[in-house]
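>>> Next one to model:
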Amino acid sequence: MRSKLINAITGIILLSSLFLISYKKKINTCEAILKEKKIYSVYNKPSKSSSITYYLDNDSINENYYVVEIYKIKDDWAQISAYSPMKTYKNKGWIELVNLGIFPSSELILFKLPNEKTEKIKIANYDYRILDILDCKNKWLKVSYSDSLRKYEGWLPPYNQCANPYTTCN
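Numbering: from 1, shown residues only. Sure thing, here's the model as predicted:
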């Protein structure tokens, strides 16, 4: 009986440790969605001349969509992994940043820097189009949005990001 209890406690401690290690690794990542319903090439290096590691495609017939996790951004490329409910987890690779986007989960308010204590940029006439991703820092996404009057650029806080392709998050 005592050995079963020790094994159970050891298992719980091990699982908790693995969770914390996994969480710590993901603390600086950001989530995104694929902008369009097409097949995307994911490369082993941030260059179209490198080899293709795998392909990503949102399957609208079976309603199977990917969520993309961004690890780093280099020039116009993002190092990512991807997952979906019906398909297997996809390992790290590089995709052109122009293919990724994000929706705000509520009113679109951006910040000048990735910090809520900085100047706010409120977009009054946001028309619910996908936002372009420019950078990722500590779960904050630097995004851009253009309307008929001007172009806006700023940081979208983590609590206002909707990378869930199955819901509008609001």
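
>>> going forward, measure contacts between C-alpha atoms and count neighbours the same way
Noted.

>>> Below-threshold pLDDT in the protein: ranges please.
1-27, 87-88, 168, 170 (pLDDT under 70).

>>> Could I get the full set of strands for it?
Applying DSSP state E to the chain gives strands spanning 30-34, 39-43, 52-57, 67-74, 77-83, 90-96, 100-104, 109-111, 120-122, 131-137, 140-146, 151-156, 161-162.

>>> for the first one, which positions count as buried?
Neighbour-count burial for strand 30-34 flags 30-34 (criterion: 16 or more other Cα atoms under 10 Å).

>>> want to try CSV for the strands of the chain, with distance to residue 169 as columns?
Below are the strands of the chain laid out as CSV (distance: least, Cα to Cα, whole Å):
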stretch, distance to residue 169
strand 30-34, 13
strand 39-43, 25
strand 52-57, 22
strand 67-74, 14
strand 77-83, 18
strand 90-96, 24
strand 100-104, 8
strand 109-111, 16
strand 120-122, 19
strand 131-137, 15
strand 140-146, 17
strand 151-156, 15
strand 161-162, 6
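
>>> Closest one to residue 40 out of the buried residues of strand 30-34, please.
Residue 40 lies nearest to residue 34 out of the buried residues of strand 30-34, by Cα to Cα, at 8.6 Å.

>>> Next, the contact list for the closest one, please.
Residues in contact with residue 34 (Cα atoms under 8 Å, 6 or more residues apart in numbering) are 58, 66-68, 99-101.

>>> and if you look at residue 163?
Going by Cα under 8 Å, 6+ apart, residue 163 touches 31-33, 67-68, 102-103.

>>> For the spatially most central residue of the chain, give me its contacts.
The centroid of the chain falls nearest to residue 31 when counting by Cα atoms, centre = their mean (1.3 Å). By Cα under 8 Å, 6+ apart, residue 31 lies in contact with 67-70, 139, 163.

>>> do the same with residue 69
So residue 69 contacts 29-32, 80-82 (Cα under 8 Å, 6+ apart).

>>> Now it. Nearest residue, chain neighbours left out?
residue 31 (4.5 Å; Cα to Cα, 6 or more residues apart in numbering).

>>> how close does that neighbour get to residue 115?
From residue 31 over to residue 115 the distance is 18 Å, taken as Cα to Cα, to the nearest Å.

>>> Residue 65 now?
From residue 65 to residue 115 the distance is 30 Å (Cα to Cα).

>>> Those two: who's more crowded?
Shown here are residue 65 and residue 115; by other Cα atoms under 10 Å, residue 65 has more neighbours (23 against 15).

>>> Verify the stated contact: that one with residue 58.
Yes. Contact criterion Cα atoms under 8 Å: residue 65 and residue 58 qualify, at 4.6 Å.

>>> Pull out the buried positions in stretch 96-105.
For stretch 96-105, the neighbour count (16+ other Cα under 10 Å) marks 96-97, 99-105 as buried.
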